[in-house]
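> Structure for this input, please:
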Amino acid sequence: MATGRVNNYGDALTVVRLVLLISLLFARAAAADSVRARDLGIPFDGTPGPLNAITDVDGVTVGHETIIKDLPDNRAVRTGVTAILPRGRDSYNRPVFAGWFTLNGNGEMTGTTWVEESGFLEGPVMITNTHSVGAVHQATIEWRVAQRGPDASGYFWSLPVVAETWDGYLNDVNGFHVKPVHAYRALDSATGGSVAEGSVGGGTGMNCHEFKCGIGTSSRIVGAGDGVYTIGILVQANYGRRDTLRVAGAPVGKHLRENRVFSEDDKIPDGTGSIIIVAATDAPLLPHQLKRVAKRTALGMARVGGIGSNGSGDIFISFSTANANADQAARGISVRMLANEDMDALFLSTVEATEEAIINALVAGRDMTGDKGHSVKGIDHDELIKVLREYNRHKGE
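Just a heads-up that it's a prediction; the model follows:
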């Protein structure tokens, strides 16, 4: 059975090779042309990396597969898959130290029991919609089998990390439209460089603070201990009510109340939704320290107005690309680590980059109509700038 799956994968890969190339070109063009939060004059603290993206951490690659289709009976597909590979295509050969944290657990991130036990992330982090976790989980194992031979035990052993948020308002989530081939495409298209944001990949059908949202990313360059390091963040944002939204400290959500997704009378728990946050760094951190970093992403979410509500799945994972040989079977392996006393600068940069990544996802959101005619508006950039000016929170003012 395993051999058949690999052959099926190879056949599918052959068919989609040209599609992958074309979609990758479009994704790069979209990333280059899209407006980001800093382009609107929104002020942020800290120093971003050259791309202001998780891919500023050397070796990290990101791929998206976006699925948009209109179906009979007023149904629509607005979903996809996003892949984050800590060491690019070598991610399975060289695991990374990792840690994870859940702020509120009405959600899913598979594989985290082994991350907690072993201290390693062995492979990519995949993000999709709630009801497609199984399909992406299987596909990620098949992809791993196709990429390399068995591990030291002689088996193609894998416990993938697959996370989700719910896109059922805009997407026919119970139609199960994410197939293994979509996960293959996300993995095979993963590259460094600019990262497309907004309604792409797993973020295609997502909303946050009742605006169109989705994927967002940011980074910071930070001095810690005796070195200079990068912290990169990628979010799939799908959480929050309008009233709690804050941008650069200004209570934007209390002003921009038009075109709300939910009416005042909707019996929907406040803040319903979820957010997945992936933090990457090249700082030499051990698993317990990376768990501490993962916890700090929640503070960046709080700056924007996330409260970790009862109905929300707020699940975060962080990893370090340092200590490349830490998983090798040998006696007396040496690893490097920052002293705990040197981590405060990394904590601060994590909070700053998470805040900006969420705002980038928000700014990148565009009006979208989806399943059953449901429609979600992207935030109006001019109105956003107007509110920020009222609170003297616009750059240069």
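> Next one: the residue nearest to residue 227 when sequence neighbours are not counted from residue 167, what distance?
Nearest non-adjacent residue to residue 227, counting by Cβ to Cβ, 6 or more residues apart in numbering: residue 283, 7.3 Å away. Yep, even glycine has a C-beta here, placed from its N, CA and C like the rest. Between residue 283 and residue 167 the computed distance is 33 Å (Cβ to Cβ, to the nearest Å).
> Mind jotting down where the strands sit in the chain?
Secondary structure of the chain (DSSP state E): strands at 61-70, 76-89, 96-105, 120-121, 125-129, 161-165, 207-208, 211-212, 214-224, 227-238, 273-281, 312-320, 368-369, 375-376.
> Point out the most buried one among the ones you listed.
Compared across those, strand 207-208 shows the largest average neighbour count, a mean of 32 (mean count of other Cβ atoms under 10 Å).
> Which residues outside that strand are in contact with it?
Here strand 207-208 makes contact (Cβ atoms under 8 Å, 6 or more residues apart in numbering) with 169-170, 213, 237-240, 261, 273, 275, 358, 361-362, 365, 376.
> Parallel or antiparallel, which strands does that strand pair with?
strand 211-212 (antiparallel) (DSSP bridges).
> neighbouring contacts of the strand it pairs with?
198-199, 242, 245, 362, 365-368, 376-379.
> ok now do residue 314, which residues does it touch?
Contacts were defined as Cβ under 8 Å, 6+ apart; by that measure residue 314 touches 102-104, 107, 239, 274-275, 277, 298, 301, 306, 308.
> OK, contacts around residue 36?
Residue 36 makes contacts with 52, 197, 360, 363-364, as judged by Cβ under 8 Å, 6+ apart.
> Under the pLDDT cut-off, which ranges of the stretch 101-250 of the chain? List them.
Scanning the stretch 101-250 of the chain for pLDDT under 70 picks out 152.
> sorry, back to before: keep only those of the contacts of residue 36 that are in helices.
Using DSSP state H, the subset of these located in helices is 360, 363-364.
> still on that earlier bit, may I see the strands of the chain arranged in JSON lines, with distance to residue 288 as well?
JSON lines is the format used below for the strands of the chain (distance: least, Cβ to Cβ, whole Å):
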{"stretch": "strand 61-70", "distance to residue 288": "26"}
{"stretch": "strand 76-89", "distance to residue 288": "18"}
{"stretch": "strand 96-105", "distance to residue 288": "7"}
{"stretch": "strand 120-121", "distance to residue 288": "13"}
{"stretch": "strand 125-129", "distance to residue 288": "19"}
{"stretch": "strand 161-165", "distance to residue 288": "18"}
{"stretch": "strand 207-208", "distance to residue 288": "30"}
{"stretch": "strand 211-212", "distance to residue 288": "36"}
{"stretch": "strand 214-224", "distance to residue 288": "16"}
{"stretch": "strand 227-238", "distance to residue 288": "17"}
{"stretch": "strand 273-281", "distance to residue 288": "14"}
{"stretch": "strand 312-320", "distance to residue 288": "11"}
{"stretch": "strand 368-369", "distance to residue 288": "41"}
{"stretch": "strand 375-376", "distance to residue 288": "40"}
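> Mind checking those strands for the one nearest to residue 352?
Smallest distance to residue 352 across the strands of the chain (Cβ to Cβ): 5.8 Å, for strand 214-224.
> packing partners for the closest one?
Contact here means 3 or more Cβ pairs under 8 Å, 6 or more residues apart in numbering; DSSP states H and E; on that basis strand 214-224 packs against strand 227-238, helix 344-364.
> Compute the inter-axis angle for it and strand 61-70.
170 degrees (axes from the mean of the first three to the mean of the last three Cα atoms, to 10 degrees).
> Tell me the most packed of the ones in helices among the contacts of residue 36, by neighbour count.
residue 360 (32 neighbours; other Cβ atoms under 10 Å).
> Could you find the closest non-adjacent residue to it?
residue 216 (3.9 Å).
> Also residue 50?
Counting by Cβ to Cβ, 6+ apart, the residue nearest residue 50 is residue 56, at 6.2 Å.
> Enumerate every residue touching the one you found.
48-50, 219, 221, 230, 232.
> Would you mind checking which of those is nearest to residue 149?
Nearest to residue 149 out of the contacts of residue 56 is residue 232 (Cβ to Cβ; 30.5 Å).
> Tell me how many other residues surround the closest residue to that closest one other than its chain neighbours.
Using Cβ to Cβ, 6+ apart and skipping residues adjacent in sequence, the residue nearest residue 232 is residue 54, 3.5 Å away. Neighbourhood size, residue 54 [other Cβ under 10 Å]: 28.
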